[in-house]
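Asker: Here is my input; please provide its structure:
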Amino acid sequence: MMDELDKDQIAMLKKAFDGFDHEKKGAINCDVVATILRMMGQAYNAQTLKELIDEVDADGSGMLEFEEFVTLAAKFIIDDDAEAMAKELKEAFRLYDKAGKGYIPTSALKDILKELDETLNAEDLDNIIGEIDTDGSGTVDFDEFMEMMTG
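Answerer: Numbers count the residues shown, from 1 in each chain. Reported below is the predicted structural model:
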């Protein structure tokens with residue numbers, strides 16, 4: 001999980017962790033995790049948080065070392081990023097699905113891909129479309145589009 005976060009996110013987590021590691025033991029009490037998440041503006045469900053703490057507190061000590069804390073916090077941060085990306089992709093798809101039919105023609109998708117990467121030739125585009133348009137309909141629905149964009 002740590003490798004899915006950037007340096008700034010890890011630094012922010014370290015600062016929050018250190019701020020609650022009053023005794024400088026390299027571990028914080030699981031009870032303060034909710035407070036830290038709230039301070040970071042992360043929404044959470046109490047039951048889900050308890051289950052996640054149980055999952056990452058491998059030794060069951062009731063204390064989280066920094067790596068355990070990062071693993072737990074990353075689940076919230078990465079989920080937020082994924083939600084934001086899904087929302088942006090839905091908006092992008094909607095722009096190309098002008099008629100609101102729930103799909104776009106593969107020809108429009110080829111244009112989008114060509115715009116994103118001018119080095120793609122016709123064969124590259126056909127191969128990409130072949131992978132995306134799994135049902136061979138000549139159209140790409142939102143799920144196929146999401147799969148392509150998020151891999």
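Asker: Let me see the ranges of the helices in the chain.
Answerer: Here the chain has its helices, by DSSP state H, at 7-20, 33-39, 46-56, 66-96, 106-116, 122-132, 142-150.
Asker: Please state the offset of stretch 23-33 from the chain centre?
Answerer: Centroid separation between stretch 23-33 and its chain, computed with C-alpha atoms, centre = their mean, to the nearest Å, is 26 Å.
Asker: Flag every buried residue along that stretch.
Answerer: For stretch 23-33, a neighbour-count test (16 or more other C-beta atoms under 10 Å) marks A27, I28, C30, V32, V33 as buried. Quick note: C-beta positions are derived from backbone N, CA and C, even for glycine.
Asker: ok, the first one touching D21?
Answerer: So the one you mean is A27. Yes. If you go by C-beta atoms under 8 Å, A27 and D21 touch, sitting 6.8 Å apart.
Asker: What residue in the protein is the furthest from its centre?
Answerer: E23 (33.5 Å; C-alpha atoms, centre = their mean).
Asker: What separation do you get for that residue and V33?
Answerer: Separation of E23 from V33 (C-beta to C-beta, to the nearest Å): 16 Å.
Asker: That's all I had, so thanks and see you.
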